[in-house]
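Q: here is my input; please provide its structure:
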Amino acid sequence: EQILDGATSLPSVTRTVRAWSRSEWVEGTVPGWQGLVEPVAERVVGAMAQAIPAEAAAMAGPLVGVLRQLGVSLWGAQVGQGLGRLATEVIGVTDVGIPLLDAGEVVLLPRNVAAFGEGLGLEPGDVRLYLALREVARHRLHAHAPWLRAHVVGLVDTFARGITIDTSRLESAMQDLDPSRPEALQEAFESGLFEPETTPAQKAALDRLEVALALIEGWVDDVVTMATTDRLSSAERLRETVRRQRASGGPAEETFATLVGLQMRPRRARDASNLFAAVRSQLGVDGRDAVWGHPDLLPDGQDLDDPLGYTERRANPIELPPGDDLWLAYLNASGEMARLRGRLEQARGLLQEALTGIRELEPAGQPDRVVAAFNLGRVLHDLGEHREALPLLREALLYRVGVHAAEGPSLRELRLRLARSALE
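A: Next up is the predicted model:
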């Protein structure tokens with residue numbers, strides 16, 4: 001903790017420190033997994049229950065129930081096997097990207113710490129210190145940004161809500177299924193019969209999830225590198241060992257590959273580390289840590305590709321009082337500019353803040369409300385979140401008709417966008 005104090009402005013939150021065996025890790029983290037796994041499990045069960053058409057179900061008879069139960073069991077077994085495998089690899093309770101216990105309850109697995117250092121030819125104490133620093137740094141981060149876990153779980157939930165199964169393919173397969181051959185069930189699953197399809201909205205959620213996990217890892221990497229550069233001669237070797245492990249499939253990579261099929265790119269964590277190093281070089285430790293001040297303004301994927309550009313924008317913000325008309329206009333314009341650049345997540349955060357402020361300016365804010373509601377609805381539509389976009393587009397249409405705004409989207413454009421979102 002004292003070593004970290006010089007590398008981050010985020011304070012210590014450690015309350016307890018424990019050493020766990022692998023079996024204790026599995027048992028002790030079960031409650032922490034529930035919020036992460038349950039949204040996907042519920043959607044898998046629901047999708048399988050709805051996937052078999054009535055005609056095909058009548059044709060297959062009692063095999064339908066067996067198919068559904070077998071599908072759920074196989075998915076549950078896959079998750080269970082994943083947890084068992086993770087127990088042999090994790091160092092603590094934050095390796096997967098989110099804390100599986102409350103922030104401040106630090107846990108290390110000595111057996112896995114020793115396994116990590118095998119073959120490196122380094123002092124065991126140095127290995128233990130380096131890995132403990134990474135674990136404690138993640139606890140500090142999640143305590144400082146308590147919304148972060150909910151942000152990651154929310155992205156998993158967004159993915160889960162889009163889980164569907166190709167019913168036409170399933171119906172065709174059911175017609176060819178021979179009830180007299182029990183092995184036909186196994187063959188059906190091996191052919192990917194219940195394999196969910198990935199929608200554009202789910203792809204967007206996975207991209208945002210990859211960025212969020214990369215940012216967590218990148219910040220931890222920069223903090224620990226700063227803390228150990230002049231203290232541990234083996235720090236760079238240990239850093240590269242961690243990176244190689246993640247590139248070949250570390251705990252976070254395995255968790256989200258099993259859960260939602262996310263194939264994390266190792267370079268994204270390196271990009272995030274470079275971004276935080278650039279921010280620290282320009283704005284200092286406090287400026288780097290301030291990146292976690294609000295979820296809607298986190299760096300996005302394009303920021304990871306342009307860390308110097310992001311740093312420049314952080315270093316030269318436009319200072320306007322929140323709630324001021326000009327401030328709200330700036331947020332609205334910045335959100336639209338972010339949308340035009342394809343930075344939809346950044347646009348969402350800016351436009352949500354703008355619309356919230358404009359709604360409080362009734363009736364003076366009604367013309368601007370048309371534009372802000374339309375812009376936010378359009379961003380959500382482009383993200384594939386059509387249900388969320390609909391009420392905003394209706395709001396824009398309502399106020400457009402009511403105030404006869406001279407600027408902003410035309411009635412025809414509003415109605416076309418509303419109809420398209422409703423259809424999709």
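
Q: could you use CA atoms for every contact and neighbour count after this?
A: Noted.

Q: list the buried ones in the helix of greatest length in the chain?
A: Assignment by DSSP state H gives helix 200-228 as the longest helix of the chain. The neighbour-count check on helix 200-228 (16 or more other Cα atoms under 10 Å) flags 201-228 as buried.

Q: for residue 384, give its distance to residue 94.
A: To residue 94, residue 384 is 31 Å away according to Cα to Cα, to the nearest Å.

Q: higher neighbour count, these two?
A: Shown here are residue 384 and residue 94; by other Cα atoms under 10 Å, residue 94 has more neighbours (24 against 20).

Q: any idea how far the residue most central in space within the chain lies from residue 235?
A: Compute the mean C-alpha point of the chain, and by Cα atoms, centre = their mean the closest residue is residue 209, 2.6 Å away. Separation of residue 209 from residue 235 (Cα to Cα): 28 Å.

Q: the host helix or strand of residue 351 packs against which elements?
A: Assessed by DSSP states H and E, residue 351 sits inside helix 344-359. Counting by 3 or more Cα pairs under 8 Å, 6 or more residues apart in numbering; DSSP states H and E, the packing neighbours recorded for helix 344-359 are helix 325-340, helix 366-382.

Q: in the stretch 1-150 of the chain, which spans are strands?
A: With DSSP state E, counting those that start in this stretch, the ranges of strands along the stretch 1-150 of the chain come out as 16-19, 105-108.

Q: ok, which of those comes nearest residue 307?
A: strand 105-108 (31.7 Å; Cα to Cα).

Q: which parts of the closest one are buried?
A: Under 16+ other Cα under 10 Å, the buried positions of strand 105-108 are 105-108.

Q: what's the answer for stretch 282-295, then?
A: 282-283, 285, 287-289, 291-292.

Q: ditto for stretch 102-116
A: 103-113, 116.

Q: that older thread, the helix holding residue 351 vs helix 325-340, what angle?
A: Here helix 344-359 runs at an angle of 150 degrees relative to helix 325-340 (axes from the mean of the first three to the mean of the last three Cα atoms, to 10 degrees).

Q: which outside residues touch helix 344-359?
A: Residues outside helix 344-359 that contact it (Cα atoms under 8 Å, 6 or more residues apart in numbering) are 208, 296-300, 323, 328-329, 331-332, 334-339, 365-366, 368-369, 372-373, 375-376, 379-380, 382-383.

Q: filter those down to the buried ones, PyMOL style.
A: Here is the PyMOL command that selects the buried residues among the contacts of helix 344-359 (16+ other Cα under 10 Å):
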select buried, resi 208+296+298+299+300+323+328+329+331+332+334+335+336+338+339+366+368+369+372+373+375+376+379+380+382+383
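
Q: what residues are up against residue 21?
A: Applying Cα under 8 Å, 6+ apart to residue 21 gives the contacts 109-111.

Q: which neighbouring elements make contact with the helix or strand containing residue 387?
A: If you go by DSSP H and E, residue 387 is part of helix 386-403. Packing partners of helix 386-403 (3+ Cα pairs under 8 Å, 6+ apart): helix 366-382, helix 411-423.

Q: mean confidence score for that helix?
A: Mean per-residue pLDDT for helix 386-403: 74.

Q: try stretch 40-55
A: Taken as a whole, stretch 40-55 carries a mean pLDDT of 62.

Q: could you do stretch 282-298 as well?
A: 85.

Q: related to what we said a few turns ago, right, and the residue nearest to the centre of the chain touches residue 152 too?
A: Yes. Applying Cα atoms under 8 Å, one finds residue 209 in contact with residue 152, separated by 6.5 Å.

Q: that older thread, return the distance of the longest helix of the chain from the chain's centre.
A: Remark: helix 200-228 is offset 9 Å from the chain centroid, using Cα atoms, centre = their mean, to the nearest Å.

Q: ditto for stretch 241-251
A: 19 Å.

Q: who touches it?
A: Stretch 241-251 is contacted from outside by 86, 89-90, 95-96, 253, 265-266, using Cα under 8 Å, 6+ apart.
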